[in-house]
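# mind looking at a prediction? Sequence and model below.
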Amino acid sequence: MMKRVTFFKLNDRLNSVRDIPRTSKRFKVPEDVLYSIYSQKMVRRTKRDFYLIQRQSLTMLREWRNGKSLLEIAEERMFSPILTASFILKNDGYTKKQFKDLLHNPDSIRDDRFRKEIIDILDADIIYSPQGIENQKNRGIFCEEQIKYWLDDREMEYCTEEESRALERSKTPDFLLKEPYIMDGKSIRWFESKGSFGSPYQTRYDYDNQLSHYLKLFGPGLVSYWLGYVDDISMGKEIIMVDRRFFQNGC
């Protein structure tokens, strides 16, 4: 768990991928935790500033044609390098498919400057790049598998999210238990996996959009923030929060 004051210090310092290694060293926080905090910050910023940055597309195109790199333009606005480049290149005549091809095949670009700039934005954008999206998907799969192993090891029966959807349940936790699991005096009915860090922003979003619905439909449950969470966060008496140590320590 992490102190709230520590979280906000870290959150303030993380404005690019390059900030992560030195922040990890200074605060002695694992890099995977910082990647999650930074990613969440950038997603919030993207939602907030998307249309503001999009309206600057022609200005950014002029800046690029005058010599600024795609990455420089994005970093000046503290915005996603991939999305920034997509706004610029759309106004330079690239279709959505052509832009996607650039991201998946940068080595095929003949122009040296353009190839380097595309590779730079791919390296800098850990959220919206093809590799970033794949990494996020794989991390989610890994965390769900760890919970599945834990449940199977205890011979606990459950419906997976896919099985619940097949039964036409509109709101479906990752694991809906067929029999309750008693923990801390609570009759736990479901497990939800979050392969991320539980910041004040993220936990509130998850509670409002998912967890509160599971609570109403199925009763008390457990949510795992694999990379930890801020220590004074509470989701009420009916939802237990844990991190990866719960499943790794054989609880």
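Ah, there it is.

# I'd like the next helix or strand past the lowest-mean-pLDDT helix or strand in the chain.
Ranked by mean pLDDT, DSSP states H and E, the helix or strand of the chain with the weakest confidence is helix 161-166, at a mean of 74. Following helix 161-166 in sequence order, the next helix or strand is strand 175-183 (DSSP states H and E).

# list the helices and strands that next one packs on?
Here strand 175-183 touches helix 130-153, strand 158-160, strand 186-194, going by 3 or more C-beta pairs under 8 Å, 6 or more residues apart in numbering; DSSP states H and E. Heads up, the C-betas are built off the backbone N, CA and C, glycines and all.

# if you set the cut-off to 7 Å instead, what comes out?
Packing partners of strand 175-183 (3 or more C-beta pairs under 7 Å, 6 or more residues apart in numbering; DSSP states H and E): strand 158-160, strand 186-194.

# centre of the chain to that strand, how far?
27 Å (C-alpha atoms, centre = their mean, to the nearest Å).

# in that strand, what's buried?
F175, L176, L177, Y181 (16 or more other C-beta atoms under 10 Å).

# and the furthest pair within these?
Greatest spatial distance among those (C-beta to C-beta): L176 and Y181, at 11.5 Å.

# list residues touching both of these two?
Residues touching both L176 and Y181 by C-beta atoms under 7 Å, 6 or more residues apart in numbering: none at all.

# check contacts around S129.
S129 is in contact with I82, L103, L122, counting by C-beta under 7 Å, 6+ apart.

# kindly report the same for Y229.
If a contact means C-beta under 7 Å, 6+ apart, then Y229 has M1, F197, G198, T203, M241, D243 as its contacts.

# what's opposite it in the beta bridge?
Beta bridges link Y229 to G198 when assigned by DSSP bridges.

# state the distance from it to F246.
12 Å (C-beta to C-beta, to the nearest Å).

# same check, this time on I126
Distance from I126 to F246, by C-beta to C-beta: 26 Å.

# and if you look at T6?
Distance of T6 to F246, computed by C-beta to C-beta: 21 Å.

# and what of S108?
Per C-beta to C-beta, S108 is found 46 Å from F246.

# how about the helices in this structure?
Taking DSSP state H as the criterion, the chain carries its helices at 4-13, 19-27, 31-54, 57-65, 70-76, 81-91, 96-104, 112-124, 130-153, 161-166, 200-206, 212-218, 244-248.

# least confident of those, on average?
The minimum mean pLDDT among the helices of the chain belongs to helix 161-166 (a mean of 74).

# now do that helix: everything it contacts.
When contacts are defined by C-beta under 7 Å, 6+ apart, helix 161-166 is touched by residues T172, P173, D174, L176.

# so who does the closest residue to the second one other than its chain neighbours touch?
The shortest distance from P173 to any residue that is not its chain neighbour, by C-beta to C-beta, 6 or more residues apart in numbering, is 4.0 Å, and that residue is W190. For W190, the contacting residues are P173, F175, L176, L177, Y214, F218, G221, taking C-beta under 7 Å, 6+ apart as the criterion.

# could I get the contacting residues of Y214?
Neighbours of Y214 in contact, by C-beta under 7 Å, 6+ apart: K171, P173, W190, E192, G221.

# closest to R18 out of those residues?
E192 (32.8 Å).

# which of the contacts of Y229 has the most neighbours?
Counting neighbours by other C-beta atoms under 10 Å, G198 leads the contacts of Y229 with 29 neighbours.

# I239 versus that one, what's the distance?
12 Å.

# with P180 instead?
Distance, P180 to I239, by C-beta to C-beta: 14 Å.

# cool, D184 as well?
From D184 to I239 the distance is 11 Å (C-beta to C-beta).

# picking up where we left off before, more neighbours: which of T6 and F246?
The residue with more neighbours, out of T6 and F246, is F246; 18 against 13, by other C-beta under 10 Å.
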